[in-house]
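1. Need coordinates for the below:
(2 chains)
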Amino acid sequence: MLELNVTKQLGDFTLDANLKAPAQGVTALFGQSGSGKTSLLRMLAGLDRPEHGLICIDDTVFVDTERRLFIPPHKRRLGVVFQEALLFPHYSVRGNLEYGMAVGAKAEFDMLVELLGIEHLLGRMPGVLSGGEARRVAIGRALLTKPRMLLMDEPLTGLDGARKQELLSYIMRLTHEVDIPVLFVSHDTQEVMAIADRLALVEKGRVVASGELGAMLTQSELSAQLGGFAATSLLKARWTAHDDMTGLSWFELDDGQRLALSRVECVADDILHIQVNVHDVALALSRPTGTSFINMLDAEIEALTEGQQGGVELTLRLGDQCLRAQVTPYVADALGLREGLPVIALIRSASLARQRRSRAS
Amino acid sequence: MLTDLEWEALTLSLRISSVAVAAILIPGICIAWVLARHEFRGKAMLDGLIHLPLVLPPVVVGYLLLVGLGRRSPLGSWLKDTFDISLPFTWQGAALAGGVMAFPLLVRAVRLSLEAVDPRLEAAAHTLGAGHLRVFLTITLPLAVPGILTGGVLAFARSLSEFGATITFAANIPDETRTLPLALYTLIQMPGREDAAARLCVVSIVVAMISLMASEWLARRTRKRLGGRDA
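-> Reported below is the predicted structural model:
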């Protein structure tokens, strides 16, 4: 468990944050620039000191101002990937990778170098690397110290679209194959959707909410802050079968209902995050016949709230998960939508947000 | 090509300046680092003290050294009694005078290059598990090498040209403290030795040119090694 409860005055900006997150999987610190996410990361890394507070991971206390305890950064065993790669210009790529290499990380060296696709760069100097290459080396350099947690401060900022996608897919591979908790600072919804398991929302120096990504997205009271996520729901589903005839892949939700997507490559027991936009969810009171909808899910209306732009926001319960939908007040009235009403959610289209190996749960 | 006298003055000058630079290099880097990376009370005072030889008449520096380290001063007699070291009127004393005069130039150049090292690189090294000493030795110092070389050569040249402090503290003793400038001065004092004085003048210019060019070459080489892009 990562615990961070700190205050610090930075000019006229007050940082007063309280965060608790399990030390596993990927936790995203999400917020606008200037919200204080990077300051939190720097305090966790030991590069800044809080005025008051406590920072610890499990039983290891890094900072406790009451006991006047401050562990310096080099003794925290936290890998940090900065916004700029910050490679040492006077060391080769190999030298950079080996700079903080832990005893006994030799075996991982080859694995990581291959995973990050930087074998061919080992002999080069950092000055000749492209932005994406340099950041991959920086990630490898941090991981080779065998840290107890990897902290990434907007590692994708400043890369162009294609490079960004490429680095993102490397990071996604890493989070699948290297079992290390990650704290990921970002203001980009696409990035967060792609790799985060949990989300902590940072606003004006405070952590205003945190929790599982899917659950956070369905909290309509957060929709203003999460506006950038374009009103999306995430559904966790397990792959069950491919259908070669139709070219569809079938998935099972945790309440046993089935869902189809156009074919994706996966293996048995893969858990996937399926992304559904609110505008792609239609409602029916009874199961329609003769429609183009393949995915029709039994659900129950859990909450109705007034959404932005005069629409009605609906939270639909599917077993333990939630799905968001949006209708006009006229439709809500005509269908007599109310809390507790069973409905059929018709899903026009859904896409894969992310694929994660079954170890996730 | 060179007469014995000229050769003697040249080698003595080179030896004294080399010793002077070698002696001030490590303290100079330490003080430059303290000034570049730390804030403390009395920093302006220390900064001023170090720069004093740059603005004081060299004779004053030589006189202060004489007062402080002369045989009858407490420090001077202690050095004499304990280590049998006597600095005034010896070539070691000349090296000390040259070193003191060159110190501010060295500290200035090294401080500038240390300040130019990106502190975020040092922070990155800390997060990779390196303690302060390792960060200094593996990141800060190597990245400051061009400035240290420049500062070293500058200090060497300053020490070579040192006259006032040397003649006051170490006097003008042939084959002991008579460096190039002092030999030149001596020749100018003698009627009819204008030719010899002119020759020494040329020697001084050549030595100075060689050291400046060497520093430029070294700086370019290290820059190349540091940044792949300039290579």
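2. switch to C-alpha atoms for all contacts and neighbour counts from now on
-> Will do.
3. For chain A, what's its nearest residue on chain B.
-> Nearest to chain A, among the residues of chain B, is residue B:129, at 3.9 Å (CA to the nearest CA).
4. That residue touches residue A:100, doesn't it?
-> Yes. Assessed by CA atoms under 8 Å, residue B:129 is found in contact with residue A:100 at 6.0 Å.
5. picking that back up, which residue comes closest to the residue of chain B closest to chain A once chain neighbours are left out?
-> Counting by CA to CA, 6 or more residues apart in numbering or on different chains, residue B:129 lies nearest to residue A:74, which is 3.9 Å off, once chain neighbours are set aside.
6. quick one: contacts for the one you found?
-> Shown in contact with residue A:74 (CA atoms under 8 Å, 6 or more residues apart in numbering or on different chains): B:126, B:127, B:128, B:129, B:130, B:131.
7. how about residue A:18, what does it touch?
-> Residue A:18 touches A:3, A:4, A:5, A:6, A:206, A:207, counting by CA under 8 Å, 6+ apart.
8. Name the spans of chain A whose pLDDT lies under the cut-off.
-> A:220-230, A:266-269, A:308, A:353-361 (pLDDT under 70).
9. So it: which segments form each domain?
-> A:2-221, A:232-352 (automatic domain parsing).
10. Let me have the ones you listed in a markdown table, adding distance to residue B:160 as columns.
-> Below are those laid out as a markdown table (distance: least, CA to CA, whole Å):
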| stretch | distance to residue B:160 |
| --- | --- |
| domain A:2-221 | 32 |
| domain A:232-352 | 74 |
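11. deepest of the ones you listed, which one?
-> domain A:2-221 (a mean of 19; mean count of other CA atoms under 10 Å in any protein chain shown).
12. coming back round to it: of all the domains of chain A, which one comes closest to residue B:171?
-> domain A:2-221 (45.8 Å; CA to CA).
13. what distance separates that closest one from the centre of its chain?
-> In terms of CA atoms, centre = their mean, to the nearest Å, the centre of domain A:2-221 is found 12 Å from the chain centre.
14. you'd agree the residue nearest to residue B:129 is in a helix?
-> Yes. Using DSSP: H, G, I helix; E, B strand; the rest coil, the assignment for residue A:74 is a helix.
15. Just give the number of residues close to the residue of chain B closest to chain A.
-> Other residues lying near residue B:129 total 25 when counted by other CA atoms under 10 Å in any protein chain shown.
16. how far away is it from residue B:189?
-> 63 Å (CA to CA, to the nearest Å).
17. Does residue 171 lie in a helix or a strand, and which?
-> All of this refers to chain A. helix A:161-177 (DSSP states H and E).
18. Show me what that helix is in contact with.
-> The list of residues contacting helix A:161-177 from outside it, by CA under 8 Å, 6+ apart, reads A:25-26, A:115-116, A:132, A:136, A:156, A:182, A:191, A:194-195, A:356-357.
19. Output these in a markdown table; the columns should cover secondary structure.
-> Below are those laid out as a markdown table (three-state DSSP):
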| residue | secondary structure |
| --- | --- |
| A:25 | coil |
| A:26 | strand |
| A:115 | helix |
| A:116 | coil |
| A:132 | helix |
| A:136 | helix |
| A:156 | coil |
| A:182 | strand |
| A:191 | helix |
| A:194 | helix |
| A:195 | helix |
| A:356 | strand |
| A:357 | coil |
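20. isn't residue A:86 right up against residue A:136?
-> No. Between residue A:86 and residue A:136 there is no contact under CA under 8 Å: 11.4 Å.
21. buried stuff in stretch B:71-78?
-> By 16 or more other CA atoms under 10 Å in any protein chain shown, the buried positions in stretch B:71-78 come out as B:71, B:76, B:77, B:78.
22. is it true that residue A:255 lies in a helix?
-> No. Secondary structure of residue A:255 (three-state DSSP): coil, not part of a helix.
23. Spatially nearest residue to it (excluding sequence neighbours)?
-> Here the residue nearest residue A:255, using CA to CA, 6+ apart, is residue A:319, at 4.9 Å.
24. which residues does the closest residue to residue A:102 other than its chain neighbours contact?
-> Distance criterion CA to CA, 6+ apart; nearest residue to residue A:102, sequence neighbours excluded, is residue A:145 at 4.7 Å. Shown in contact with residue A:145 (CA under 8 Å, 6+ apart): A:77, A:79, A:100, A:101, A:102, A:105, B:128, B:129.
25. likewise residue A:151?
-> A:41, A:45, A:78, A:79, A:80, A:81, A:182, A:183, A:184, A:185.
26. helix, strand or coil for it?
-> strand.
27. Return the distance of it relative to residue B:145.
-> 32 Å.
28. pLDDT below threshold where in chain B?
-> B:225-231.
29. quick revisit: now the two most distant members of the contacts of helix A:161-177.
-> Going by CA to CA, the pair spanning the contacts of helix A:161-177 furthest: A:132 and A:357, at 25.5 Å.
30. Which helix or which strand is home to the closest residue to residue A:43 other than its chain neighbours?
-> Spatial nearest neighbour of residue A:43, excluding adjacent residues (CA to CA, 6+ apart): residue A:49 at 5.8 Å. Using DSSP H and E, residue A:49 sits within no helix or strand.
31. re the thing from before, with respect to residue B:54, which of the contacts of residue A:151 is nearest?
-> residue A:45 (43.1 Å).
32. Let me know whether the closest one touches residue A:82 as I believe.
-> No. The criterion here is CA under 8 Å, and residue A:45 misses it with residue A:82 at 11.0 Å.
33. Go through stretch B:206-218 and flag the buried ones.
-> Of all the residues in stretch B:206-218, those buried under the rule 16+ other CA under 10 Å are B:208, B:212, B:215, B:218.
34. Let me have the residues you listed in CSV, extended by distance to residue B:157 and secondary structure.
-> Shown next, in CSV, are these (distance: CA to CA, whole Å; DSSP: H, G, I helix; E, B strand; the rest coil):
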residue, distance to residue B:157, secondary structure
B:208, 6, helix
B:212, 8, helix
B:215, 11, helix
B:218, 15, helix
